[in-house]
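Q: Got a predicted structure here, sequence first:
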Amino acid sequence: MDAFIAGMAILTDPYMVGIILAGTVVGVVVGALPGLSGSTTAALLLPITITMTPVAGIAFLGAIYCAANFGGSITAILINTPGDPSASATAYDGYPMARNGEAGRALGISTIASAIGGIFSVFVLIVAAPLLAKAAYSFGPPEYFALAIFGLSMLAAVGASAGIRNLIMGAFGVLLATVGLDLMTGVERFTFGVAELSEGLELVPVLTGLFAISELLVQAGRLQIVPERMGLTAMRLPSMADYRKCAKAIGLSSVLGTFIGILPALGATTAALISYNETKRWSKYKDEFGKGSIEGVAGPEAANNAAVGGSMVPTLALGIPGSATTAIILAGLIVQGVRPGPHLFNEQPTLLYAVFASMLAANLIYIVLGLFGAKLFARITLIPDAILWPGVLIFAIIGAYGPNQSLVDVWVMLGFGVIGYVMRRYGFSPAPLVMGLVLGKLVEETLKQSLLIFDQNWLLFFTRPIVLTLFVVTMLGLCAPWLARAIRGGAKSARPPADAR
Amino acid sequence: MTARDRRRLDESAGEVAGEPHRAVSDFAVGLGIVAMAVVVWVVTTGFDEVPASLTQGMGPAAFPRLVLGVIIVLAAWLAFSASSREPLTLEPVHPMVFATLAAMAGVIGAMLLLGIHGAVAAACIGMGRLWGERRLALLVVIAAGISLSLHVAFVRGFGIGLPRGLLQGWLG
Amino acid sequence: MSTYPKIMRTASRLGLGAAVALLLAGGAGAQEKFPSKPIEVVTHAGVGGGTDLTARMMMVQAPAALGAEFVVANKTGGSGSASLGYANSRPKDGYTIMLITQTHLLTLLQGKAGAVQPGDLIGLARATEDPQVLMVGAKSPYKTAQDFIEASKTKPMKYGTTQLGSVDHLAVAGFATKAGLAKPVVVPFRGGGDIVVNLVGGNLDAALLNYAEAESQIKAGEVRPLLVFAPTKMDSLPQTPTATEIGIPAVYSTTRGFAVLKGTPEDRIKVLEDGLIKAMQGKLFQDYLKSSGQSGGSVVGRAAWQAQIDEFFSTGKEALASLGITK
């Protein structure tokens, strides 16, 4: 307890508060800019943190990590361009809200949901990190395979169009994930001799293409339609009723996001996608999803920020980073002479609590930034199309080019813009494709790893309790609509409030 | 929201008043996907051989083919259940969509030749004009502002290189 | 510089035209004093990858040692071939240096690096030298290296490695041959962290890892190091025997070092070598080495590093051939 108080005491030190404030502001800005992610920034600033004291250095990186995940949602909502891959699920409903003139509401709920998810996960980290970290050891390739299948099974529900179309798109996404060197054999697949493709398709160019560029083309076809301007409502923040409506989504997604974050092989992007599906599944207003559902923004945002605290669990307690950013934070810790591992919680508790304090502070600081900023940022939706979209194109190009300094990625982005446009024209939603692309590698690699571990006997999958449980949950999830109908069938009651408005 | 609502929403993309709409049934869409999947399957036959000493378990082509098989089955299902759904109505693609696509290729071309600042100018001024913004001075100011802030944020602030273009190379 | 037109052609063919001008600004003074403009460090790792971090750690004290700024160019793709191709597209004037790993060398051996040939590499200085350690999970029945080797002679063990054809895969295969073991089953993973988790979780029999990758598990008694593939015992693992000590002449390590391509002027190579060594002997880089369980002796100059590169080329060639990877 003394250590807890000592750790929290850093928040009374003006220098530390300044460091955390700087980290938070930098994090929000780079998170919002496509082309600069939290992990890139942390890597670039790592040498600077080495010159600080260990506590200040780690607090700075932690603040960037927390804030960048929130920042990604700003551009996802305003211009359909996720500033960070983890914000892609936020665009599904955030951008339609902005188009409907509700940018302020979307940004506001994203801020609050992000902060609640983030703070929840930090508390989990404080209370149970060493205990929960051990769960990572129970997850081998067979367990990840079952989890990925669970994620993909939800495709029938994501997006707006019919189930078969979603499943086709999900499978297409999985196929795209096979581009590049095969991990198992080192054979190049679908690279057509382009060296840059051998590491697989980068997520950022594909996402920017599918979301931003395809939307740009859609807007091009609508230029002659005079848009309704809803300037007055754009700056309005969420109401109490909105917060009440989202409470369930935020609670569910905070727990889910933290858990997925704890598993080293899964990150904030997966957490957000799975939470989006679960939010939709448990929502009373399923019909609003894809058209600007406020719950559809709250769920993934709570989840991707909860995954931040979650992924710090294995990083600090096991020395195993769960994401690109935690890998850099880990490097920062090690260089400062802090050795992560279970013993860290006994040997250097003050430092640990200082890290937790900085993460809590970062989450609180961006609430203020986010709510004040929401009104300001929301004005972006009022910029005329002929000025806004060329700017979006520039940011999309830089976002694609930035991480690998590769022109191939720029062409990939343009190609996926066209693919996304054609898909939407023929009634296919890009959301399931993203899910397939994110989980595809995991499905293939864990399947092959499992089979090697099982000496090619796939029946051994069913000897693992976690795998069995996940398979059962998947089956229940798939059958739930029919089950619910069967149970309700006798009563023949009309569907509850969905259309009551 | 029903599938059809969504489609209507998306298709208004290419709406041009007065021109005829084209109906496309899911049968055609499904068969089109099957055809594409078959082409990709042919590509998988061209993967490199794995040396015998390294062969263990599934080969590199097995998983993509499994996924292609799933796509073909699903697309066939889409095609043969088409009669239970109304066909999609596709409005013709607005010429502006093609013009914008060409403009985007032009912007990337400008980037290859003139670097990121060339691309900014091409996008803001060229595409801005194409999309009907008449105030040239405003567009120039915006382009200059974006160029400058990009330089400050990326090159000065973070030391990340932005595309520089061929011309800058010759001049440098 | 008369080489411009040729560079331009090569560069645009490679689609790298946009980046060509990166270092040409202010080029006029380049003849007089070296270095007089920023030096670019090309790595095959993305921002934040292990090799990228090594480059950035070196760069903290390098400007003072060399009197020039440093920038990193991350050219990912093709197991190093993209970065080699990029370096080859730049003038050979010493302003482009590469941070290479064994991955680059294997790519070169397989002829996958386009115009660059194995003989084109000139080592400047080695940065890190991290021995591989044979490890098993705590629940494993094998308490010593001898136990493990004895059991492996009849039972094919499951090893976690990174990609097939990678350095640690070659090390597993080489160890199995030299110790006369049954052909190991290799389970490829994305990175060391995944392998450690599966070692503790009991999904794998063994793995060859760097000490730092499993440090906290070794300290917690969840992973047992059995054998070190280094010429001498490691400071961080004084109890663990080396392979040589138990009669298996096997040495494997993860190595990173700086290099330039053939054609770079000899006097500039000397300047770079001295500057890099000075920078890496600074406190910050030495702390970085120590904190990841490596000795300060990892940093060596051109002669020793070049010898190691050549040695790796000859052994690597055999190893690849025996696995049937090179045709």
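A: Noted; the coordinates are in hand.

Q: nearest residue to the residue in the stretch 201-327 of chain C that chain B sits nearest to other than its sequence neighbours?
A: Residue nearest to chain B within the stretch 201-327 of chain C: C:Gly324 (3.4 Å; CB to the nearest CB). In short, each C-beta sits where N, CA and C put it, glycine included. The shortest distance from C:Gly324 to any non-neighbouring residue, by CB to CB, 6 or more residues apart in numbering or on different chains, is to B:Pro51 (3.4 Å).

Q: For the residue lying closest to C:Leu106 once chain neighbours are set aside, give its distance to C:Ile97.
A: Nearest residue to C:Leu106 in three dimensions, chain neighbours excluded: C:Gly316, at 6.0 Å (CB to CB, 6+ apart). Plainly put, C:Gly316 is 22 Å away from C:Ile97 if you go by CB to CB, to the nearest Å.

Q: now A:Ser254
A: From A:Ser254 to C:Ile97 the distance is 47 Å (CB to CB).

Q: the more surrounded of the two?
A: The neighbour count for A:Ser254 versus C:Ile97, taken as other CB atoms under 10 Å in any protein chain shown, is higher for A:Ser254 (27 against 23).

Q: And for the residue of the stretch 201-327 of chain C closest to chain B, the neighbour number?
A: C:Gly324, neighbours per other CB under 10 Å, totals 13.

Q: Quick test: name the residue nearest the centre of the chain.
A: Going with chain A. A:Ser86 (2.6 Å; CA atoms, centre = their mean).

Q: You answered for a different chain; I wanted chain C.
A: C:Thr101 (2.7 Å).

Q: How about the contacts made by that one?
A: Residues in contact with C:Thr101 (CB atoms under 8 Å, 6 or more residues apart in numbering or on different chains) are C:His44, C:Thr51, C:Gly80, C:Val167, C:Thr254, C:Thr255, C:Arg256.

Q: how close does it get to A:Ala106?
A: 45 Å.

Q: same check, this time on A:Val194
A: 38 Å.

Q: more crowded one of these two?
A: A:Ala106 (33 against 18).

Q: The more buried one contacts A:Asn100, doesn't it?
A: No. Counting by CB atoms under 8 Å, A:Ala106 does not reach A:Asn100; the two are 9.2 Å apart.

Q: circling back to that earlier point, against chain C, how distant is the residue nearest to the residue nearest to the centre of chain A when sequence neighbours are not counted?
A: Among residues not flanking A:Ser86 along the chain, A:Ala268 sits closest, at 3.7 Å (CB to CB, 6+ apart). Separation of A:Ala268 from chain C (CB to the nearest CB, to the nearest Å): 15 Å.

Q: quick one: A:Ala268 and A:Ser323 touch, right?
A: Yes. Counting by CB under 8 Å, A:Ser323 is a contact partner of A:Ala268 at 6.8 Å.

Q: Common neighbours of these two, please.
A: A:Ser311.

Q: Could you check which of those two has the larger neighbour count?
A: The neighbour comparison of A:Ala268 against A:Ser323 (other CB under 10 Å) goes to A:Ala268, with 31 against 26.

Q: Over stretch A:312-322, what's the mean pLDDT, rounded is fine.
A: Across stretch A:312-322, pLDDT averages out at 81.

Q: Do that stretch and chain C come into contact?
A: Yes. Using CB under 8 Å from any CB of the partner chain, stretch A:312-322 reaches chain C at A:Leu318, A:Gly319, A:Ile320, A:Pro321.

Q: Tell me which helix or strand the last one sits in.
A: Which is A:Pro321. Assignment of secondary structure by DSSP states H and E places A:Pro321 within no helix or strand.

Q: Quick one, which of the residues of stretch A:312-322 next to chain C are buried?
A: A:Leu318, A:Gly319, A:Ile320, A:Pro321 (16 or more other CB atoms under 10 Å in any protein chain shown).

Q: Please name the nearest non-neighbouring residue to the last one.
A: Distance criterion CB to CB, 6+ apart; nearest residue to A:Pro321, sequence neighbours excluded, is A:Ala327 at 3.9 Å.

Q: Which secondary structure elements does the strand or helix carrying that neighbour sit against?
A: Assigned by DSSP H and E, A:Ala327 falls within helix A:324-335. Where contact means 3 or more CB pairs under 8 Å, 6 or more residues apart in numbering or on different chains; DSSP states H and E, helix A:324-335 is packed against helix A:38-50, helix A:54-79, helix A:294-318, helix C:50-66, helix C:283-291.

Q: 7 Å instead, please
A: Helices and strands touching helix A:324-335, by 3 or more CB pairs under 7 Å, 6 or more residues apart in numbering or on different chains; DSSP states H and E, are helix A:38-50, helix A:54-79, helix A:294-318, helix C:283-291.

Q: of all the ones you listed, which lies closest to chain B?
A: Per CB to the nearest CB, nearest to chain B of the helices and strands packed on helix A:324-335: helix A:38-50, 5.4 Å.

Q: Can you show me the helices along chain C?
A: Along chain C, counting by DSSP state H, helices occupy C:4-13, C:50-66, C:81-89, C:102-109, C:145-152, C:167-179, C:192-200, C:215-219, C:266-280, C:283-291, C:302-323.

Q: Mean neighbour count and mean pLDDT for these - can I get that in CSV?
A: Shown next, in CSV, are the helices of chain C (neighbours: other CB atoms under 10 Å in any protein chain shown; pLDDT from 0 to 100):
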stretch, mean neighbour count, mean pLDDT
helix C:4-13, 14, 38
helix C:50-66, 21, 82
helix C:81-89, 24, 86
helix C:102-109, 24, 88
helix C:145-152, 18, 93
helix C:167-179, 21, 89
helix C:192-200, 25, 87
helix C:215-219, 22, 86
helix C:266-280, 19, 92
helix C:283-291, 18, 83
helix C:302-323, 16, 88
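
Q: A:Leu147: which of the ones you listed is closest?
A: Nearest to A:Leu147, of all the helices of chain C, is helix C:192-200, at 14.2 Å by CB to CB.

Q: what comes into contact with that closest one?
A: A:136-137, A:140, A:264-265, A:320-321, C:135, C:137, C:160, C:189, C:204, C:207, C:209-210, C:213-214, C:217, C:222-223 (CB atoms under 7 Å, 6 or more residues apart in numbering or on different chains).

Q: Using CSV, write out every CA atom in it.
A: The C-alpha trace of helix C:192-200 is given here as CSV (Å, rounded to 0.1, in the frame of the first residue of the first chain):
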residue,chain,number,x,y,z
GLY,C,192,10.7,-15.3,-29.6
GLY,C,193,7.9,-14.3,-27.2
ASP,C,194,5.4,-16.8,-28.8
ILE,C,195,8.1,-19.5,-28.5
VAL,C,196,8.7,-18.8,-24.8
VAL,C,197,5.0,-19.0,-24.0
ASN,C,198,4.7,-22.3,-25.7
LEU,C,199,7.8,-23.7,-24.0
VAL,C,200,6.3,-22.8,-20.6
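
Q: Would you mind getting the angle between that helix and helix A:294-318?
A: 70 degrees (axes from the mean of the first three to the mean of the last three CA atoms, to 10 degrees).

Q: which bits of the stretch 1-150 of chain A sit near chain C?
A: For the stretch 1-150 of chain A, the residues in contact with chain C (CB under 7 Å from any CB of the partner chain) are A:Ser39, A:Thr40, A:Ala43, A:Leu46, A:Pro47, A:Ile50, A:Ala136, A:Tyr137, A:Ser138, A:Gly140, A:Pro141.
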